[in-house]
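Novice: Structure for the following, please:
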Amino acid sequence: MTDFRTLDAVGDVHGKVALVRVDLNLPMQDGAVTDDTRIKASAPTILELADGGAKVLLLAHFGRPKGARSSVMSLSMVIDAVQDVLGREVMFVPEIYGPVVEQTVGILPPGGIAVLENTRFWPGEEANDPELAKAIAANADLFVNDAFSAAHRAHATTEGLAHVLPAFAGRAMEAELTALQKALGNPERPVAAVVGGAKVSSKLDVLTHLVGQVDHLIIGGGMANTFLAARGVDVGKSLCEHDLAATADQILAAADKAGCTVHLPYDVVVAKEFAANPAGLRTCNVHEVAADEMILDVGPQAVEALADVLKTCRTLVWNGPLGAFETPPFDAATVALAQSAAALTREGALVSVAGGGDTVAALNQAGAAGDFSYISTAGGAFLEWMEGRELPGVKALQR
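Specialist: Now for the predicted structure:
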């Protein structure tokens, strides 16, 4: 995956106009940004170009306005947060192409930064209209894509622009692609994958792809119940997709054929109701779950065994929690295994890459996120990459 051009190949940018695709689809409350992680991710790219004397025009989408202007989805609302993170004054431009953008380019000094309006106000954005891409490109000299989180969509500003202008990966995109290459592209073996979450149906393609790629597949969350049920275990009133038993069997058979060991919990934490620290909470063997109980986390013995598995591995990819981690004490397995992975990464024994919203929250809760080799904040793009799909925004950057 090293066949894409990075900022190292840009050369002298002084006075040039750089269109930079970033992710400013930020969580908001009462008109203010509540989490600026995504701005921080692209700050190194933006500042590197600005410090080199480029005029930097930021392109991003916000929400789903479906091709129509909407005052509550204008990117003017994130300007303060962008200025705070960059420590620079940032101009807002209510258009993405045409005379207004042309005038902005004229006014901006070298090193100046402007945020253009929500790209999704134009229907041609999601339709990847080549004419829109050409119109946006008309005011610029180069295109830098720093939004991996939007790379799974073939839109005018994620894919189309790369065909009209010299295209480069920004620093965040470069770090993401390098980490993903290390994790599944050309990993050091053995490789383990942790896949958790509520439903098998939402991660069918991931599981099907991974059994051919990894040496150990650790399945947790509600998904594990579906696999246990497929193997004839009575899971009581646990969350379980009984209609997917045949699919689970097919995945297990494919794993067998590929020489991938699938790890399902053999001891579990159960309760009669899903609530914080409920009465009647107990740990038992998977074959001892009562008809009125539900499995809510992986048990301590299984977690210890999984930690031993990780000690034999060189690479780990993680997506999804092992239990209902938002509700204590059902975060115990996720926290314990995350801390084991973090310790192995600190020692230099493991390359660990994790991604997806729930996963990031769970690893932060475990205090382990800082020690992982790489944490991807991309949801859909990370999942599609785990499914082995080609991401249009990445493919367009390849030479």
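Novice: ok, which stretches of this structure are helices?
Specialist: 37-51, 79-86, 99-107, 123-126, 130-137, 171-180, 204-210, 221-230, 245-258, 300-311, 332-346, 357-365, 380-386, 392-395 (DSSP state H).
Novice: Next, the buried residues of the second one.
Specialist: Judged by neighbour count using 16 or more other C-beta atoms under 10 Å, the buried positions of helix 79-86 are 79, 81-82, 85-86. (Glycine included, C-beta is placed from N, CA and C.)
Novice: same question, the third one
Specialist: Using 16+ other C-beta under 10 Å as the test for burial, helix 99-107 gives 101, 104.
Novice: For that helix, name the packing helices and strands.
Specialist: Under the contact definition 3 or more C-beta pairs under 8 Å, 6 or more residues apart in numbering; DSSP states H and E, helix 99-107 sits against strand 55-59, strand 90-93.
Novice: Out of the ones you listed, flag the one nearest A332.
Specialist: Among the helices and strands packed on helix 99-107, strand 55-59 comes nearest to A332, with 41.9 Å by C-beta to C-beta.
Novice: before we move on, the earlier item: highest mean neighbour count out of the helices of the chain?
Specialist: helix 221-230 (a mean of 25; mean count of other C-beta atoms under 10 Å).
Novice: Convert it to PDB, retaining C-alpha atoms only.
Specialist: Taking Å, rounded to 0.1, in the frame of the first residue of the first chain, the C-alpha atoms of helix 221-230 are listed here in PDB:
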ATOM      1  CA  GLY A 221     -20.100  -9.800  22.300                       C
ATOM      2  CA  GLY A 222     -23.600 -10.900  21.300                       C
ATOM      3  CA  MET A 223     -22.000 -12.400  18.200                       C
ATOM      4  CA  ALA A 224     -20.300 -15.100  20.200                       C
ATOM      5  CA  ASN A 225     -23.800 -16.300  21.400                       C
ATOM      6  CA  THR A 226     -24.800 -17.000  17.800                       C
ATOM      7  CA  PHE A 227     -21.700 -19.100  17.200                       C
ATOM      8  CA  LEU A 228     -22.200 -20.900  20.500                       C
ATOM      9  CA  ALA A 229     -25.900 -21.600  19.600                       C
ATOM     10  CA  ALA A 230     -24.700 -22.900  16.200                       C
END
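Novice: Closest one of the buried residues of helix 79-86 to A50?
Specialist: Among those, and counting by C-beta to C-beta, the member closest to A50 is L86, at 8.2 Å.
Novice: Report whether the expected contact of A18 with V56 is present.
Specialist: Yes: using C-beta atoms under 8 Å, A18 makes contact with V56 at a distance of 5.3 Å.
Novice: These two: which is more packed in?
Specialist: V56 (29 against 26; other C-beta atoms under 10 Å).
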